[in-house]
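[1] below is the structure, and that's it, no one-letter string:
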């Protein structure tokens, strides 16, 4: 498929004897928002960790679309790459429990994320030559414009730990975008948000998808949120994919209802 | 002609107004005050020696802070690297200069041997760092401690460098002027590394290694880099120390010596160059002052109170710091001369 951004090819993952993910298969087309739902412990975050290289799958392969120099696309096997390499290839993620750098400023949080694109080395930073200064200026300007987009620029010099929760969420998404991704993975972006904030987040995700030309794959518990934003949903339970389809199809699927609400007891 | 002249004057004014200009001028004034004081005998050689030691400890403390405070890797084998630098440079200089030597060329050779000492220490640091920096927290501490001891014991076993007897009669090259210059340059280099994308990578590893990796920082690479840079400057510091004390033996670079530097790092504040400088100078002077104090106190106490009680006092000081000033004297704050202008707002957290 020409427009597949990410292909997860029948991936199985074991933690010791525990099968966390079984035969997970997905081909994510360009420019969509897809969701992954399931009860706690279903293996959703494990899927994200497999994609981003935190774990290497026991079986199966993961491919990411890359651009050749002549403009053609091809799928590159990223299964065994280190996380930082995968980030450089174009996958960015946020975390279920926020993982910003607490004792660094908001600006530094963003500047670190563009790190692998920096084109000066140790020598340049020691002697502070023109190359260093122009690159640093560029990094700072880029970071500032990104912060402005997320309405965080007035907080640029605040330590991240001093930010309120909603701003931290925005900062984490901004930091992920600072790596210039083509695919964004959001791990429970609406966790801990009130209904109003959740609706704002919904708008923001739609907006960043358009603005940054992204493909988005997200995990969420908040059913209303997922039904609202996702074009297609995969449902997992105990490592198995139990359903897949549009929000309507999924929400009417008896297996999904069973996984979430439990089986009706026949006495 | 006059326009050109004005240009140069303007450039000079700009330099003196810049942070680096102030830093260099400040150091020059420091030198200008103390050097004549010593020459005319107002400040005796003993205190001059203490000042030199404190300057060298600045290098050792800042370089350990680079590893422990900025990169967040708990290393306690730092003096092992200082030993490598000290032995490398001392071996070269003692072979070349059997007799006390002065003049320009011997100094150049000494500076060369000092840099070589740093490079060899960095190489050892790199080789140690490569496998060990995969470990975290306590495990890393244990392994670095072990490696520090291995380095020490290795020197103890090599006949060529005197074994346990060490190397006596090292020529005295570390004079006040040279030590001041080397300290200033070392601090500026480490400062410049810290305030760059490399330094930010170090900090992100300290803050959250997993998140750092997942925003694209090659964490292993930067951890090894931080460790290697730290080892390099430890080597340079060790070389300076050897040519100041003029005698080295393996015991000088044991675990207690590392702890001494570690105390300076933590009392000064992890992640603060200024803190390391203040603590290195403060504790070196405190240590020397206590020598007299404790001997005086000894007369009033029924039991013996000697200079060895200093370690007790430092331990109390460290515990007190941990309890009442958890982030050390300076926290993560810096003196503004040590912050590059363009990083001003960021480094002060907008406060």
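    Alright, I've got the coordinates. Given the structure is predicted, the values throughout are model-derived calculations rather than measurements.

[2] enumerate the residues of the stretch 251-351 of chain B near chain A.
    B:332, B:340, B:342, B:345-346, B:348-350 (C-beta under 8 Å from any C-beta of the partner chain). Every C-beta, even on glycine, is put in place using the N, C-alpha and C of the backbone.

[3] give me the neighbour count for the residue in the stretch 151-267 of chain A that chain B sits nearest to.
    Residue of the stretch 151-267 of chain A nearest chain B, by C-beta to the nearest C-beta: residue A:157 (3.3 Å). Neighbourhood size, residue A:157 [other C-beta atoms under 10 Å in any protein chain shown]: 18.

[4] equivalent analysis for the one 5 residues further on, please.
    For residue A:162, the number of neighbouring residues by other C-beta under 10 Å comes to 14.

[5] how near is it to residue B:90?
    Distance of residue A:162 to residue B:90, given as C-beta to C-beta, to the nearest Å: 50 Å.

[6] and the strands in the stretch 101-250 of chain B?
    In the stretch 101-250 of chain B, no strands are defined using DSSP state E, counting those that start in this stretch.

[7] if we can go back for a sec, may I see the PyMOL selection of the buried members of the residues of the stretch 251-351 of chain B next to chain A?
    Command for PyMOL that selects the buried part of these, burial taken from 16 or more other C-beta atoms under 10 Å in any protein chain shown:
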select buried, chain B and resi 332+340+346+349+350
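
[8] residues of chain B that sit close to chain A?
    Counting by C-beta under 8 Å from any C-beta, the residues of chain B near chain A are B:189, B:192-193, B:196-201, B:203-204, B:207-208, B:210-219, B:225, B:332, B:340, B:342, B:345-346, B:348-350.

[9] what helix or strand is the residue positioned nearest the centre of chain A on?
    Geometric centre of chain A, nearest residue: residue A:185, 1.6 Å, by C-alpha atoms, centre = their mean. Using DSSP states H and E, residue A:185 sits within strand A:183-187.

[10] contact partners of the longest helix along chain A?
    Longest helix in chain A by number of residues (criterion: DSSP state H): helix A:130-149. Helix A:130-149 is contacted by residues A:106-107, A:110-111, A:114, A:118-120, A:124-125, A:153, A:155-156, A:174, A:177-178, A:211, B:196-197, B:342 when judged by C-beta atoms under 8 Å, 6 or more residues apart in numbering or on different chains.

[11] what do you get for stretch B:241-249?
    Outside stretch B:241-249, the residues that reach it (C-beta under 8 Å, 6+ apart) are B:49, B:52-53, B:56, B:82-83, B:85-87, B:89-90, B:93, B:110, B:114, B:162, B:164-174, B:179, B:252.

[12] mind checking the end-to-end distance for that stretch?
    Start-to-end span of stretch B:241-249 (C-alpha to C-alpha, to the nearest Å) is 12 Å.

[13] in the helix or strand hosting residue B:46, which residues are buried?
    With elements delineated by DSSP H and E, residue B:46 resides in helix B:45-65, which encompasses its position. Under the neighbour-count criterion of 16+ other C-beta under 10 Å, helix B:45-65 has B:48, B:50-65 buried.

[14] just checking, what packs against it?
    helix B:19-39, helix B:78-96, helix B:176-194, helix B:219-245, helix B:255-268, helix B:273-298 (3 or more C-beta pairs under 8 Å, 6 or more residues apart in numbering or on different chains; DSSP states H and E).

[15] how far off centre is that helix?
    From the chain centre to the centre of helix B:45-65 is a distance of 7 Å (C-alpha atoms, centre = their mean, to the nearest Å).

[16] do stretch B:124-141 as well
    20 Å.

[17] so what touches it?
    B:73-77, B:80-81, B:84, B:143-144, B:147, B:151, B:209, B:220, B:223-224, B:227-228, B:230-232, B:234.

[18] residue B:304: neighbour count?
    Number of residues near residue B:304 (other C-beta under 10 Å) recorded here: 9.

[19] residue B:294 is in contact with that one, correct?
    No: taking contacts as C-beta atoms under 8 Å, residue B:304 lies outside contact range of residue B:294: 9.8 Å.

[20] what is the burial count for residue 228?
    Picking chain A for this. Neighbour count of residue A:228, defined by other C-beta under 10 Å: 14.

[21] not what I meant, chain B
    Residues lying near residue B:228 (other C-beta under 10 Å) number 21.

[22] so what pLDDT did it get?
    As predicted, residue B:228 sits at a pLDDT of 96.

[23] separation between it and residue B:130?
    According to C-beta to C-beta, residue B:228 and residue B:130 sit 9 Å apart.

[24] what residue ranges in the stretch 1-150 of chain A score low on pLDDT?
    Along the stretch 1-150 of chain A, segments meeting pLDDT under 70 span A:1-2.

[25] and the strands in it, which stretches?
    Taking DSSP E, counting those that start in this stretch to define them, one finds strands in the stretch 1-150 of chain A at A:4-15, A:18-29, A:33-37, A:59-67, A:73-77, A:91-93.

[26] which of those sits most buried?
    strand A:91-93 (a mean of 26; mean count of other C-beta atoms under 10 Å in any protein chain shown).

[27] burial count for the residue lying closest to residue A:95 once chain neighbours are set aside?
    Setting aside the residues directly before and after it, residue A:95 is nearest to residue A:187 in space (C-beta to C-beta, 6 or more residues apart in numbering or on different chains), at 5.6 Å. Per other C-beta under 10 Å, the neighbour tally for residue A:187 reads 23.

[28] give me every residue that touches residue A:187.
    Residues in contact with residue A:187 (C-beta under 8 Å, 6+ apart) are A:45, A:48, A:93-96, A:218-219.

[29] what's the answer for residue B:222, then?
    Taking C-beta under 8 Å, 6+ apart, we find residue B:222 in contact with B:71, B:198, B:201-202, B:205.

[30] likewise residue B:189?
    A:126, B:233.

[31] please tell me how far it sits from residue B:21.
    Using C-beta to C-beta, residue B:189 is found at 17 Å from residue B:21.

[32] and the angle from whichever helix in chain B runs longest to helix B:219-245?
    The longest helix of chain B (DSSP H) is helix B:104-132. Relative orientation of helix B:104-132 and helix B:219-245, computed by axes from the mean of the first three to the mean of the last three C-alpha atoms, to 10 degrees: 140 degrees.

[33] what angle do helix B:104-132 and helix B:45-65 make?
    30 degrees.

[34] re the thing from before, strands paired with the strand holding residue A:185, and their directions?
    strand A:91-93 (parallel), strand A:215-219 (parallel) (DSSP bridges).

[35] distance from the chain centre to stretch B:103-121, please.
    Worked out by C-alpha atoms, centre = their mean, stretch B:103-121 lies 17 Å from the chain centre.

[36] can you list the residues of the stretch 101-250 of chain A near chain B?
    For the stretch 101-250 of chain A, the residues in contact with chain B (C-beta under 8 Å from any C-beta) are A:101-105, A:107-108, A:111-116, A:118, A:120, A:122, A:125-128, A:132, A:136, A:139-140, A:156-159, A:175-176, A:178-179.

[37] just the buried ones out of those residues, please.
    Buried positions within these, assessed by neighbour count (16+ other C-beta under 10 Å), are A:101, A:103-105, A:107-108, A:111-116, A:118, A:120, A:125-126, A:128, A:132, A:136, A:139-140, A:156-159, A:175-176, A:178-179.
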